[in-house]
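Student: This is the structure alone, sequence omitted:
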Ligand SMILES: Cc1cc2nc3c(=O)[nH]c(=O)nc-3n(C[C@H](O)[C@H](O)[C@H](O)COP(=O)(O)O)c2cc1C
């Protein structure tokens, strides 16, 4: 993979949104937050593979803390929990919940329904089920916008993947803090992302299951 380097003259940042998104449904801003210490979060962070369906408030709390845009956008630069190359934050989160796909609007803390074909949704659930047969949670699909990182960097690919890793770790730590079950999956979510955005410059860069912890003693081993 080629070494990235900053462009001498950056391009303007243009962010794609899913092409067939509905109207915004705002999520509640979470109220009381857990008093768990960071030390305990670090000690308890784990991949949990047995989970049940979370309620929308739990998903909203996770998204608020892990993915909302805390400051932005000045020339495409934002601040969120995750670190990001150039502060560009090229990773969007799609939520696959009860067989419906939503785009998370991190500025307005809301969800927009995205139209997808049933076949692609079914295929994603069956791939996820193959990897995590006991995860009855929701799925967060990470969509990486290559053109966003390419606005500032030549050879942006590796930066995009590293940004996705930062987002994933933020989800894991926030999940541990909120006592939610989280497990990354080896699949990319590429088909869903391709359908949602219809652009070859937006890539599926990871999927993660999120749900309620049901029985930690059944939590399977590493894969
Ligand atoms: C990118 C990525 C993909 C992963 N894919 C899977 C997977 O497909 N199935 C699974 O059971 N665990 C998966 N995991 C979880 C790892 O197996 C887990 O992080 C590892 O075993 C260490 O366990 P811990 O997270 O509890 O510390 C994945 C983790 C990452 C970061």
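Tutor: Sure, I can see it. Fair warning: this is a prediction, and the values are worked out from it, not measured in the lab. Numbering: from 1, shown residues only.
Student: need the longest helix for this structure.
Tutor: helix 157-177 (DSSP state H).
Student: does the ligand sit close to the following helix or strand past it?
Tutor: Note on helix 157-177: by DSSP states H and E, the next helix or strand toward the C-terminus is strand 180-185. Yes - Strand 180-185 is in contact with the ligand by Cβ under 6 Å from any ligand atom, via 183, 184, 185. Where you see a C-beta, it was placed from the backbone N, CA and C, and this is true even at glycine.
Student: pLDDT below threshold where in the protein?
Tutor: For the chain, the stretches with pLDDT under 70 are 216-223.
Student: residues from it in reach of the ligand?
Tutor: For the chain, the contact set with the ligand under Cβ under 6 Å from any ligand atom comprises 46, 47, 49, 131, 132, 183, 184, 185, 186, 206, 222, 223.
Student: re the thing from before, among the residues of strand 180-185 next to the ligand, name the buried ones.
Tutor: Buried members of the residues of strand 180-185 next to the ligand, scored by 16 or more other Cβ atoms under 10 Å, are 183, 184, 185.
Student: before we move on, back to that, reformat the residues of the chain next to the ligand as CSV; add distance to residue 87.
Tutor: Below are the residues of the chain next to the ligand laid out as CSV (distance: Cβ to Cβ, whole Å):
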residue, distance to residue 87
46, 30
47, 29
49, 34
131, 33
132, 33
183, 29
184, 24
185, 28
186, 29
206, 20
222, 33
223, 34
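Student: Now the buried members of these.
Tutor: For the residues of the chain next to the ligand, buried by 16+ other Cβ under 10 Å: 47, 49, 131, 132, 183, 184, 185, 206.
Student: Follow the chain on from the one helix or strand residue 63 maps to and name the next helix or strand.
Tutor: Assigned by DSSP H and E, residue 63 falls within helix 56-67. Using DSSP H and E, the helix or strand that follows helix 56-67 towards the C-terminus is strand 71-74.
Student: Just name whatever secondary elements the following helix or strand past that next one is in contact with.
Tutor: Using DSSP H and E, the next helix or strand after strand 71-74 towards the C-terminus is strand 77-79. Here strand 77-79 touches strand 71-74, going by 3 or more Cβ pairs under 8 Å, 6 or more residues apart in numbering; DSSP states H and E.
Student: in its sheet, what does the strand it packs on sit against?
Tutor: Strand 71-74 sits in its sheet next to strand 77-79 (antiparallel), going by DSSP bridges.
Student: Please list the outside residues in contact with the strand it pairs with.
Tutor: 69, 70, 71, 72, 84, 86, 87, 88, 89 (Cβ atoms under 8 Å, 6 or more residues apart in numbering).
Student: Taking these, tell me the two that lie furthest apart.
Tutor: Spatial extent of the contacts of strand 77-79 (Cβ to Cβ) is set by the pair 70 and 86 at 16.6 Å.
Student: Which one's more surrounded, these two?
Tutor: Neighbour totals were compared for residue 70 and residue 86, and residue 86 leads with 21 against 10 (other Cβ atoms under 10 Å).
Student: Residue 153 is in contact with the more buried one, correct?
Tutor: Yes - using Cβ atoms under 8 Å, residue 86 is in contact with residue 153, at 6.7 Å.
Student: Quick check: neighbours shared by the two?
Tutor: Counting by Cβ under 8 Å, 6+ apart, the residues touching both residue 86 and residue 153 are 6, 159.
Student: the helices in this structure, which residues?
Tutor: 38-44, 56-67, 118-131, 146-150, 157-177, 190-197.
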